[in-house]
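*Asks:* here's my sequence, what's the structure:
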Amino acid sequence: MSETGGKRTGATAGGRDRPWIFRTYAGHSTAAASNALYRSNLAKGQTGLSVAFDLPTQTGYDPDHVLSRGEVGKVGVPVAHLGDMRALFDGIPLEQMNTSMTINATAPWLLALYVAAADEQGADRTKLSGTTQNDVIKEYLSRGTYVFPPAPSLRLTRDVIAWTYRAMPKWNPMNVCSYHLQEAGATPVQELSFALATAIAILDEVRASGAIEPDDFPEAVGRISFFVNAGMRFITEICKMRAFTELWDEICLTRYGVEDERFRRFRYGVQVNSLGLTEQQPENNVYRILIEALAVVLSKNARARAVQLPAWNEALGLPRPFDQQWSLRMQQILAYETDLLEFGDIFDGSDEITAKVEDLKTAARAELQGIEAMGGAIAAVETSYMKQALVASNADRLAAIEAGEQVVVGVNRFTETEPSPLSAGEDGGILTVPEHVEGEAVASLTAWREARDDAAVAEALEVLKRAASEGSNIMEPSIAAAKAGVTTGEWGAALREVFGEYRAPTGVGKAARADAGELAPVREAVDTVSRKLGRRLKFLVGKPGLDGHSNGAEQIAVRARDCGMEVVYEGIRLTPAQIVNAALEEDVHVIGLSILSGSHLALVRDVMERLAAAGIDDIPVVVGGIIPDEDAARLRAMGVAAVYTPKNFQLTDIMREVVEIVGRGAEAAA
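*Replies:* So this is what the prediction gives:
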């Protein structure tokens with residue numbers, strides 16, 4: 001089965017609709033460990049795979065690169081070469097599997113490795129089914145695992161679409177991803193319009209390039225799928241999904257002339273919202289996940305055809321196998337124990353639903369027209385329009401939670417609680433990746449390089465670069481490079497050499513808050529400390545390593561500026577050396593490090609050691625991220641002044657504490 005949605009979802013002989021594909025988003029530590037997890041999940045009734053890759057793999061680096069330090073195997077599986085891909089799917093017949101790969105900038109490479117591994121299994125490429133997410137535009141806006149500038153990134157996406165159309169007809173080559181837009185604070189209208197603008201940009205590129213013949217173009221349009229998010233505003237989310245299906249049908253018909261209704265269906269998979277999962281009273285997350293799942297399966301005309309659910313403890317860290325099983329069982333109970341698959345669309349004819357859907361469509365059309373007037377989605381990225389809009393929306397969302405206007409149970413209301421037995425075990429209720437995994441990955445990579453034919457690798461890389469330079473399709477040279485033993489980092493370096501690298505706009509501009517009353521005490525404190533310092537208090541917000549989830553760092557930077565501090569924020573993907581150098585050059589008074597990938601111990605240790613070596617270890621350091629209590633204690637033992645986790649949702653309180661930390665240092669130095 002491929003990801004699909006719409007009115008004709010397919011029915012069993014008994015008249016009951018087929019259930020959607022059951023997935024869990026999984027991968028960690030090593031290819032062998034992830035393979036064992038996949039096989040276990042499949043044995044429990046999972047019907048498709050959703051592969052999580054670690055950040056070096058997603059951004060085109062090998063495990064021994066300086067930027068990979070602390071990141072190997074933390075948020076996904078490291079895949080550095082064909083040997084890793086081979087091990088990842090050992091014993092899993094790819095010809096029979098539906099595999100989703102969450103990969104974007106390096107999607108052509110990971111797909112090439114997947115095809116090479118399938119070839120080794122003797123699989124028929126035309127029978128391979130699955131999806132590459134492959135939406136790099138949203139990476140500039142929300143997730144941060146982009147590599148190349150927008151134009152060559154769009155070209156690589158086009159290459160994957162054109163190649164798979166002919167070679168892998170069951171594969172969804174493009175998964176337009178609005179999921180991370182909502183995670184970055186997008187409103188339903190922004191999620192609709194920004195995702196559809198992305199799809200338009202990609203299809204316009206494919207059509208204009210002539211890579212697919214005009215007669216075949218409608219069927220190619222039918223291969224485009226989406227990956228969406230569902231939050232807690234249950235009715236709004238149902239209406240958003242119905243609006244998606246109707247707007248996409250409209251765009252396909254009017255813009256691209258797709259006459260066949262089958263090729264106009266809004267085909268989508270979903271992971272429900274992780275942004276709203278709470279560290280406080282984490283057991284509440286089970287109910288949130290269920291409610292969000294209902295939003296994408298209840299309406300038959302807009303039902304997801306592939307669903308993966310987060311685990312209750314993802315605000316704490318990586319889920320364990322039991323936690324993933326719990327989320328899988330939730331899907332199976334919905335599909336097999338309830339009767340929701342036995343009926344037509346229960347929302348058809350509802351005046352309330354119809355009115356809300358029309359409101360969303362009207363607003364989304366207006367936003368789409370505005371983006372079109374700017375020159376399309378790429379222009380809206382390069383001018384920072386979409387990024388600034390997301391930062392502002394996220395600031396509004398956080399402000400509403402802080403003020404209690406948006407209730408989050410267990411966080412800003414009903415906070416009295418009993419200790420949760422779910423997180424009381426020796427492992428703290430989460431899976432941790434041991435630090436030795438990185439060293440083992442580096443050793444394995446070294447052995448791989450020593451065993452391969454260097455001349456064949458060099459030749460394959462030259463062919464790859466020539467294809468990139470000349471504009472020919474990148475896929476066959478990438479598959480040949482995979483079979484020659486080229487590594488992920490070498491593939492990435494070759495294309496960086498041709499296309500260059502890119503740093504997207506941060507979206508952190510002028511102050512976003514005008515409620516001077518609430519911020520006035522902190523602003524006064526900033527002024528007081530600044531007078532003691534003899535100049536304006538300067539705060540360096542840094543994102544070390546490869547973690548591209550910049551929402552928290554952006555909001556800290558915005559709030560610090562609103563409080564009157566001078567803020568230095570240079571965006572994502574910085575080495576500890578670059579952060580320390582910036583602290584020196586900018587002469588900052590405090591450093592804030594944001595790390596959500598689980599690599600906080602290694603990266604913070606590196607920063608602290610470099611500060612000491614530079615003779616500026618008197619600059620206080622604060623750290624924010626998904627950090628277990630025992631790791632927070634270890635960070636404080638390194639000299640970190642304060643540690644903040646998702647439970648610290650009051651940003652103004654964080655700013656007050658940061659000012660106090662700097663103030664104590666100023667008094668001690670006086």
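*Asks:* for the rest of this, base every contact and every neighbour count on C-alpha atoms.
*Replies:* OK.
*Asks:* I figured Ala380 hits Gln369, correct?
*Replies:* No - in this structure, Ala380 is not within contact of Gln369 by C-alpha atoms under 8 Å, at 11.9 Å.
*Asks:* and the two? which has more neighbours close in?
*Replies:* For Ala380 versus Gln369, the count of surrounding residues by other C-alpha atoms under 10 Å is larger for Ala380: 20 against 15.
*Asks:* against Ala481, how distant is that one?
*Replies:* Distance, Ala380 to Ala481, by C-alpha to C-alpha, to the nearest Å: 35 Å.
*Asks:* got it, and Ala399?
*Replies:* 49 Å.
*Asks:* before we move on, what about Tyr569?
*Replies:* 38 Å.
*Asks:* more crowded one of these two?
*Replies:* Neighbours per residue (other C-alpha under 10 Å) separate Tyr569 from Ala481, with Ala481 holding more: 29 against 20.
*Asks:* nearest residue to the more buried one other than its sequence neighbours?
*Replies:* In this structure, Ala481 finds its nearest non-sequential neighbour in Ala460, 5.0 Å apart by C-alpha to C-alpha, 6 or more residues apart in numbering.
*Asks:* ok, Leu464 next?
*Replies:* Pro477 (5.3 Å).
*Asks:* what's the answer for Tyr38, then?
*Replies:* Leu49 (7.2 Å).
*Asks:* run a quick neighbour tally on that neighbour.
*Replies:* For Leu49, the tally of surrounding residues (other C-alpha under 10 Å) stands at 23.
*Asks:* I'd say it and Asn98 touch.
*Replies:* Yes - assessed by C-alpha under 8 Å, Leu49 is found in contact with Asn98 at 6.4 Å.
*Asks:* the helices in the stretch 301-450 of the chain, which residues?
*Replies:* Ranges of helices in the stretch 301-450 of the chain, per DSSP state H, counting those that start in this stretch, are 321-336, 351-374, 377-382, 385-403, 436-451.
*Asks:* JSON lines please, covering those helices and showing mean pLDDT.
*Replies:* Listed next are the helices of the stretch 301-450 of the chain as JSON lines, based on pLDDT from 0 to 100:
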{"stretch": "helix 321-336", "mean pLDDT": "95"}
{"stretch": "helix 351-374", "mean pLDDT": "98"}
{"stretch": "helix 377-382", "mean pLDDT": "93"}
{"stretch": "helix 385-403", "mean pLDDT": "91"}
{"stretch": "helix 436-451", "mean pLDDT": "96"}
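*Asks:* for those helices, which one sits closest to Gly548?
*Replies:* helix 385-403 (13.8 Å; C-alpha to C-alpha).
*Asks:* for the closest one, which outside residues touch it?
*Replies:* Residues from elsewhere that reach helix 385-403, judged by C-alpha atoms under 8 Å, 6 or more residues apart in numbering: 140-142, 181, 184-187, 194, 380-381, 406-408, 412, 505-509, 512, 551, 554-555, 649-651.
*Asks:* and these, which of them are in helices?
*Replies:* Of the contacts of helix 385-403, the ones assigned to helices by DSSP state H are 181, 194, 380-381, 551, 554-555, 651.
*Asks:* could you list the buried residues of stretch 387-406?
*Replies:* Within stretch 387-406, the residues scored as buried using 16 or more other C-alpha atoms under 10 Å are 387-395, 397-399, 401-402.
*Asks:* tell me the centre residue of this structure?
*Replies:* The residue lying closest to the centre of the chain (C-alpha atoms, centre = their mean) is Arg143, at 4.5 Å.
*Asks:* could you find the closest non-adjacent residue to Trp326?
*Replies:* By the measure of C-alpha to C-alpha, 6+ apart, the closest residue to Trp326 outside its immediate chain neighbours is Ala311, 7.5 Å from it.
*Asks:* helix, strand or coil for the closest residue to Glu183 other than its chain neighbours?
*Replies:* In space, and not counting its chain neighbours, Glu183 is closest to Leu275: 5.4 Å by C-alpha to C-alpha, 6+ apart. Each residue gets one of three states, and Leu275 gets coil by DSSP: H, G, I helix; E, B strand; the rest coil.
*Asks:* looks like Val659 contacts Ala525 (just checking).
*Replies:* Yes - contact criterion C-alpha under 8 Å: Val659 and Ala525 qualify, at 6.9 Å.
*Asks:* these two - which one has more neighbours?
*Replies:* Using other C-alpha under 10 Å, the more surrounded residue of Val659 and Ala525 is Val659, with 27 against 18.
*Asks:* now do the more buried one against Thr59, distance only.
*Replies:* Look at Val659 and Thr59: by C-alpha to C-alpha, they are 35 Å apart.
*Asks:* picking that back up, and the ones in helices among the contacts of helix 385-403, which is the shakiest by pLDDT?
*Replies:* Among those, Asn551 carries the lowest pLDDT, at 84.
*Asks:* what about that residue, how many residues nearby?
*Replies:* 21.
*Asks:* show me what Val176 is bridged to.
*Replies:* Phe226 (DSSP bridges).
*Asks:* contacts only, for it.
*Replies:* Val176 sits next to 133-135, 195, 198-199, 224-227 when contact means C-alpha under 8 Å, 6+ apart.
*Asks:* want to throw those residues into TSV with neighbour count and distance to Gly492?
*Replies:* What follows is the contacts of Val176, written out as TSV (neighbours: other C-alpha atoms under 10 Å; distance: C-alpha to C-alpha, whole Å):
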residue	neighbour count	distance to Gly492
Gln133	23	18
Asn134	29	15
Asp135	29	17
Ala195	26	26
Thr198	21	24
Ala199	25	25
Ile224	26	25
Ser225	26	26
Phe226	28	26
Phe227	23	25
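*Asks:* isn't Arg158 right next to Val206, touching?
*Replies:* Yes - the pair Arg158 / Val206 is scored as a contact, 5.7 Å apart, by C-alpha under 8 Å.
*Asks:* on that earlier part again, so which of the ones in helices among the contacts of helix 385-403 wins on neighbours?
*Replies:* When neighbours are counted by other C-alpha under 10 Å, Phe194 leads the ones in helices among the contacts of helix 385-403 with 28 neighbours.
*Asks:* I figured it hits Ala377, correct?
*Replies:* Yes - assessed by C-alpha under 8 Å, Phe194 is found in contact with Ala377 at 7.5 Å.
*Asks:* let me know the pLDDT of Ala668.
*Replies:* pLDDT, read off for Ala668, is 79.
*Asks:* neighbours of it, just the number please.
*Replies:* Around Ala668 there are 8 other residues, counting by other C-alpha under 10 Å.
*Asks:* any idea how far Lys532 is from it?
*Replies:* Separation of Ala668 from Lys532 (C-alpha to C-alpha): 11 Å.
*Asks:* likewise for Arg329?
*Replies:* Counting by C-alpha to C-alpha - Arg329 and Lys532 are separated by 59 Å.
*Asks:* for Ile626, what are its contacts?
*Replies:* Counted by C-alpha under 8 Å, 6+ apart, Ile626 has contacts 315-317, 595-598, 645-646.
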